[in-house]
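Colleague: below is the sequence, then the predicted model.
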Protein chains: 2
Amino acid sequence: MKILVVGSVAYDTVETPEGRHESQLGGSASYFSIAASHFTEVGMVGVVGRDFQDQDLRMYEGHGIDISGLKIVDGKTFRWSGDYLQDINTAVTHETQLNVFADFEPSLTEHHAAAPFLFLANIEPSLQLRVLDAMSERPQLVACDTMNLWIDIARPQLSELISKVDILTINEGEARQFTDEQHLPTAASALLLSGPSTVVIKRGEYGAALFSENFNFAAPAYPLAKVVDPTGAGDSFAGGFMGYIAATGDTTEEGLRRGAIVGSTMASFAVEAFGLDRIRNLTPADIEERFKAFVELTRFEPISGNNGLPLR
Amino acid sequence: MKILVVGSVAYDTVETPEGRHESQLGGSASYFSIAASHFTEVGMVGVVGRDFQDQDLRMYEGHGIDISGLKIVDGKTFRWSGDYLQDINTAVTHETQLNVFADFEPSLTEHHAAAPFLFLANIEPSLQLRVLDAMSERPQLVACDTMNLWIDIARPQLSELISKVDILTINEGEARQFTDEQHLPTAASALLLSGPSTVVIKRGEYGAALFSENFNFAAPAYPLAKVVDPTGAGDSFAGGFMGYIAATGDTTEEGLRRGAIVGSTMASFAVEAFGLDRIRNLTPADIEERFKAFVELTRFEPISGNNGLPLR
């Protein structure tokens, strides 16, 4: 197993201008795993309740995902409901039921604890820290995500976590909130000083920006004719990004750049349908075609030799 | 003369978190001309009052700008004052004094009327239309800019103008307002149907997106450590974009792509200092270096031959 992910598995009720879906399979670990599974072997650590559907377990297995770390316990699966009716880029939460997640205590098998790549998806920072501590040795690459809630109520634990990861993925607004810097490059610099060697700022419909010690990289979002359901776009980005890096083992600058485009590719698919419907049905040809569309979206001829800019 | 620009010449009073500047030289035609002047010969059509400073005329001339179309008439120069204190990306207007601009009636010399490239900067659409009609023949390329005010109070004239140009540059919010489409690619499609073969959506700190009949292109903004004064960024983009295209004569897809990066280069300089202070003092080496930084900001290795994505 190349990547271990710990995060939420949920049943979401989502309403967007394109419709309403009740109790669709979701959660950060689900989006991440399915996106990453197109590239490499993923193991999932999480918890669900007795109401969890057998067909959903089979779907993970169908993608070669190791679900031996997905505990099934008495109680109901984590549930979230929200809408994107006012603004397709901003979720309005109606209800969050932690259910079995309230008492979640991740435990790792020996096999899981030896994974070379670790993604700590958005859950309580103290749980993320405990998973990192439970690894048998420091993984080759550790990335984490977070959310505004933890900045508000668990800042010390979040700061400790951020000091220990290689890559932090964070929304634009959360980066501003955490650093108290309004200007994004300044916020990214502050985050880089706090621990990670790379910060991925997620900007929704504007794509993602990588800030690293030695380089910056801008990955645009794909201009889709229609966004059906933005839920899980960030975790799908992370799944493509880490999936590519883990599959190739390329943690160099070149690997991170290309990984960010693979991440953007997976995020662009994620939002084209409700829930996991698009990313769980992708063919290799679909993914290669969209990746090539990103090449077309961003390419231009650089200056070379005498072929300089026509400056006066 | 390669490019004719018609637009405003103004004295702006601007306050940002970096300070307050009184009566600094500005206006859409000023930013456009100075940015374009690094690449090609520009002629400016506009009007100023008797209060206009001689040193400002000399500055244009120092950049090789043909100011024979800049009328000096009785009255005061157009003045705008505003601040970016709440949000560095959004101007709050305090006052707009049209002054001599209230009765501006552009007239073209034979030389101006024969320019092969025309930029109709943001002024009343009926004036933009009259300038276009006054050209001796249809220029090789006509681009225009506009603003929310004209969408509100002069929509029929603006629609007529847009139906007659090759390239429309427009802010993201204005594109949504004009088309009544919230989703940007859909708004861009609607604009393309209304006339232009290329629409440039300006997204401020997120860069610019080109939508064309046969391709889309995403140009990021440069991640600057500090934005001093965002005034004129859009017109500086247009100046770099059109300046590059006019200098090379390359109106192909490749020219538009590279032009958009040159435009982003000039916009990134414009916001680094108050008013025109940065873009009027650039060396060719400054411009080439920043252009190369855009190459670094966006480059990644595409898929080639057997070097495909590591798909399972």
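Modeller: Received, thanks. All values derive from a computational prediction rather than experimental measurement.

Colleague: show me what the helix ranked longest in chain A is packed against.
Modeller: Ranked by residue count under DSSP state H, the longest helix found in chain A is helix A:253-270. Here helix A:253-270 touches helix A:28-37, strand A:208-212, strand A:216-219, helix A:233-248, helix A:284-298, going by 3 or more C-beta pairs under 8 Å, 6 or more residues apart in numbering or on different chains; DSSP states H and E. C-betas here are computed from N, CA, C, even on glycine.

Colleague: just the helices in the stretch 1-150 of chain A please.
Modeller: With DSSP state H, counting those that start in this stretch, the ranges of helices along the stretch 1-150 of chain A come out as A:28-37, A:54-62, A:110-113, A:125-134, A:148-153.

Colleague: neighbours around residue A:71, how many?
Modeller: Other residues lying near residue A:71 total 17 when counted by other C-beta atoms under 10 Å in any protein chain shown.

Colleague: where does pLDDT dip in chain A?
Modeller: A:304-307 (pLDDT under 70).

Colleague: host element of residue A:301?
Modeller: Using DSSP states H and E, residue A:301 maps to neither a helix nor a strand.

Colleague: enumerate the residues of the stretch 1-150 of chain A near chain B.
Modeller: Residues of the stretch 1-150 of chain A lying near chain B by C-beta under 8 Å from any C-beta of the partner chain: A:37, A:38, A:39, A:40, A:64, A:88.

Colleague: distance of the fourth one from residue B:156?
Modeller: Same thing as residue A:40. Distance, residue A:40 to residue B:156, by C-beta to C-beta, to the nearest Å: 57 Å.

Colleague: more neighbours: those two, which one.
Modeller: residue A:40 (23 against 9).

Colleague: list the contacts of the residue nearest to the spatial centre of chain A.
Modeller: Among the residues of chain A, the one closest to the centroid is residue A:235, at 2.4 Å (C-alpha atoms, centre = their mean). Neighbouring residues of residue A:235 by C-beta atoms under 8 Å, 6 or more residues apart in numbering or on different chains: A:7, A:28, A:29, A:30, A:31, A:32, A:35, A:121, A:122, A:145.

Colleague: try it again at 6 Å.
Modeller: A:28, A:31, A:32 (C-beta atoms under 6 Å, 6 or more residues apart in numbering or on different chains).

Colleague: narrow those to those that are buried.
Modeller: A:28, A:31, A:32 (16 or more other C-beta atoms under 10 Å in any protein chain shown).

Colleague: of all those, which comes closest to chain B?
Modeller: residue A:32 (15.6 Å; C-beta to the nearest C-beta).

Colleague: can you tell me the residue of the stretch 51-200 of chain A closest to chain B?
Modeller: residue A:185 (4.2 Å).

Colleague: wait, doesn't that residue sit right on residue B:226?
Modeller: No: contact criterion C-beta atoms under 6 Å: residue A:185 and residue B:226 do not qualify, at 8.5 Å.

Colleague: these two - which one has more neighbours?
Modeller: residue A:185 (19 against 12).

Colleague: element containing that one, please.
Modeller: Secondary structure assigned from DSSP H and E places residue A:185 in helix A:184-193.

Colleague: please save the CA atoms from that helix in CSV.
Modeller: Extracted in CSV, the C-alpha atoms of helix A:184-193 (Å, rounded to 0.1, in the frame of the first residue of the first chain):
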residue,chain,number,x,y,z
LEU,A,184,-2.1,35.5,-0.3
PRO,A,185,1.6,35.3,-1.1
THR,A,186,2.3,36.8,2.4
ALA,A,187,0.0,34.3,4.0
ALA,A,188,1.7,31.5,2.1
SER,A,189,5.1,32.7,3.2
ALA,A,190,4.0,32.7,6.8
LEU,A,191,2.7,29.2,6.5
LEU,A,192,6.0,28.0,4.9
LEU,A,193,7.8,29.4,7.9
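
Colleague: could you check the angle strand A:208-212 makes with that helix?
Modeller: 50 degrees (axes from the mean of the first three to the mean of the last three C-alpha atoms, to 10 degrees).

Colleague: where's helix A:184-193 relative to the chain centroid, distance-wise?
Modeller: 20 Å (C-alpha atoms, centre = their mean, to the nearest Å).

Colleague: do stretch A:27-34 as well
Modeller: The answer for stretch A:27-34 is 8 Å, by C-alpha atoms, centre = their mean.

Colleague: try stretch A:55-75
Modeller: That offset, for stretch A:55-75, works out to 19 Å (C-alpha atoms, centre = their mean).

Colleague: what does that stretch contact?
Modeller: Stretch A:55-75 is contacted by residues A:1, A:25, A:33-34, A:37, A:42-49, A:99-100, A:112 when judged by C-beta under 6 Å, 6+ apart.

Colleague: quick check: end-to-end length of it?
Modeller: 18 Å (C-alpha to C-alpha, to the nearest Å).

Colleague: would you mind listing the buried residues in that stretch?
Modeller: A:56, A:59, A:60, A:63, A:65, A:66, A:67, A:69, A:70, A:71, A:75.

Colleague: burial check on the closest residue to residue A:254 other than its chain neighbours, number of neighbours?
Modeller: Distance criterion C-beta to C-beta, 6 or more residues apart in numbering or on different chains; nearest residue to residue A:254, sequence neighbours excluded, is residue B:301 at 6.1 Å. Counted with other C-beta under 10 Å, the neighbours of residue B:301 add up to 13.

Colleague: give me phi/psi at residue B:301?
Modeller: For residue B:301, the backbone dihedrals are phi -80, psi 120 (criterion: degrees, to the nearest 10).

Colleague: how much space between it and residue A:252?
Modeller: From residue B:301 across to residue A:252, the span is 11 Å (C-beta to C-beta).

Colleague: before we move on, what about residue A:106?
Modeller: 31 Å.

Colleague: now do residue A:171
Modeller: From residue A:171 to residue A:252 the distance is 26 Å (C-beta to C-beta).

Colleague: who has more neighbours, those two?
Modeller: Legend: neighbour count by other C-beta under 10 Å for residue A:171 and residue A:252, higher for residue A:171 (17 against 11).

Colleague: wait, that one touches residue A:202, no?
Modeller: Yes: taking C-beta under 6 Å as the definition, residue A:171 is a contact partner of residue A:202 at 5.1 Å.

Colleague: so what's residue A:1 closest to, chain neighbours aside?
Modeller: residue A:43 (4.4 Å).

Colleague: so that neighbour bridges to which residues?
Modeller: In this entry, residue A:43 is beta-bridged to residue A:4, residue A:66, by DSSP bridges.

Colleague: compute the distance between it and chain B, please.
Modeller: Plainly put, residue A:43 is 15 Å away from chain B if you go by C-beta to the nearest C-beta, to the nearest Å.

Colleague: shouldn't residue A:2 be in contact with residue A:42?
Modeller: No: the pair residue A:2 / residue A:42 is not scored as a contact, 7.2 Å apart, by C-beta under 6 Å.

Colleague: how many neighbours does the closest residue to the residue of the stretch 51-200 of chain A closest to chain B other than its chain neighbours have?
Modeller: Closest residue to residue A:185 apart from its sequence neighbours, by C-beta to C-beta, 6+ apart: residue B:223 at 4.2 Å. The number of residues packed near residue B:223 is 21, by other C-beta under 10 Å.

Colleague: what are the phi and psi angles of residue B:223?
Modeller: Dihedral pair for residue B:223: phi -80, psi 90, per degrees, to the nearest 10.

Colleague: wait, it touches residue A:216, no?
Modeller: Yes: between residue B:223 and residue A:216 there is a contact at 5.3 Å, judged by C-beta under 6 Å.

Colleague: and for these two, which residues touch both?
Modeller: Common neighbours of residue B:223 and residue A:216 (C-beta under 6 Å, 6+ apart) do not exist.

Colleague: returning to that earlier point: turn the buried residues of stretch A:55-75 into TSV, columns for distance to residue A:195.
Modeller: Shown next, in TSV, are the buried residues of stretch A:55-75 (distance: C-beta to C-beta, whole Å):
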residue	distance to residue A:195
A:56	35
A:59	35
A:60	31
A:63	32
A:65	29
A:66	29
A:67	31
A:69	26
A:70	29
A:71	30
A:75	35
